[in-house]
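Q: could you work out the structure for the sequence below:
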Amino acid sequence: MEMEQGNMTDPSIKISPDVKLGENVKIFSFVNLYGCEIGAETRIGTFVEIQRGVVVGKRVKISSHSFICDGVQIDDEVFIGHGVMFINDLYPRASNADGSMQNQEDWKMVRTRVQRRASIGSNATILGGVTIGEGAMVGAGSVVTEDIAPNTIVAGNPARFVRNTD
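A: Residues are numbered from 1 along each chain as shown. Coordinates of the predicted model:
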């Protein structure tokens with residue numbers, strides 16, 4: 001693993017011992033990784049958090065300020081723009097009806113997949129349970145609420161078909 005700033009002792013980079021890193025992964029400062037798998041030659045920008053259970057493929061670029069939560073699978077050669085947010089809980093609550101704090105058993109995680117060579121623009125929000133098809137492009141600021149077909153461009157809130165990529 002190569003780090004652009006700092007090294008394994010850099011306190012701004014938090015990598016849990018249970019993280020699996022491929023060859024030549026580049027990690028910038030202020031990154032938090034735990035329980036995830038990162039493929040070879042992937043670049044992870046500043047202020048990124050990648051949670052337990054996430055699988056990131058090879059040669060992926062994850063830009064700064066992005067959040068990738070449990071249940072997300074990112075295939076090879078995907079581009080994630082700045083400030084992209086993934087969501088894995090369709091009905092989030094802090095507490096139960098009785099006022100007790102929710103824990104892992106009180107909610108249902110939904111899985112999301114971003115297929116090979118897809119691109120997600122800056123500040124997009126990806127709701128849980130969707131698949132972004134191979135080669136698809138999501139416009140900046142879009143909110144993805146349903147599956148995106150391969151090789152299409154979508155934009156808006158909610159994200160809607162704009163045109164094919166070719």
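
Q: pLDDT at the residue lying farthest from the centre of the chain, what is it?
A: Residue farthest from the centre of the chain, counting by CA atoms, centre = their mean, is Asp98 at 32.7 Å. Reading off the confidence values, Asp98 has pLDDT 95.

Q: name the helix or strand for it, please.
A: Assigned by DSSP states H and E, Asp98 belongs to neither a helix nor a strand.

Q: just for the chain, where's the confidence low?
A: Confidence mapping of the chain against pLDDT under 70 gives the ranges 1-9.

Q: tell me how far the residue nearest the centre of the chain lies from Ile132.
A: Closest residue to the average C-alpha location of the chain: Ile68 at 3.3 Å, with CA atoms, centre = their mean. Ile68 sits 13 Å away from Ile132, going by CB to CB, to the nearest Å. Every C-beta, even on glycine, is put in place using the N, C-alpha and C of the backbone.

Q: contact partners for the residue farthest from the centre of the chain?
A: Contact analysis of Asp98 by CB atoms under 8 Å, 6 or more residues apart in numbering lists nothing.

Q: what's opposite the nearest residue to the residue nearest to the centre of the chain once chain neighbours are set aside in the beta bridge?
A: Excluding the flanking residues, the one nearest Ile68 by CB to CB, 6 or more residues apart in numbering is Ile50, at 4.7 Å. Beta-bridge partners for Ile50, by DSSP bridges, are Leu33, Ile68.

Q: tally of neighbours for Ile50?
A: Neighbour count of Ile50, defined by other CB atoms under 10 Å: 28.

Q: quick check: phi and psi at the residue nearest to Ser119 when sequence neighbours are not counted.
A: In this structure, Ser119 finds its nearest non-sequential neighbour in Phe79, 4.2 Å apart by CB to CB, 6+ apart. Per-residue torsions, Phe79: phi -110, psi 130 (degrees, to the nearest 10).

Q: what's the spacing between the residue farthest from the centre of the chain and Asp106?
A: 11 Å.

Q: Ser29 contacts Ile13, doesn't it?
A: Yes - look at Ser29 against Ile13 with CB atoms under 8 Å: they come within range, at 6.2 Å.
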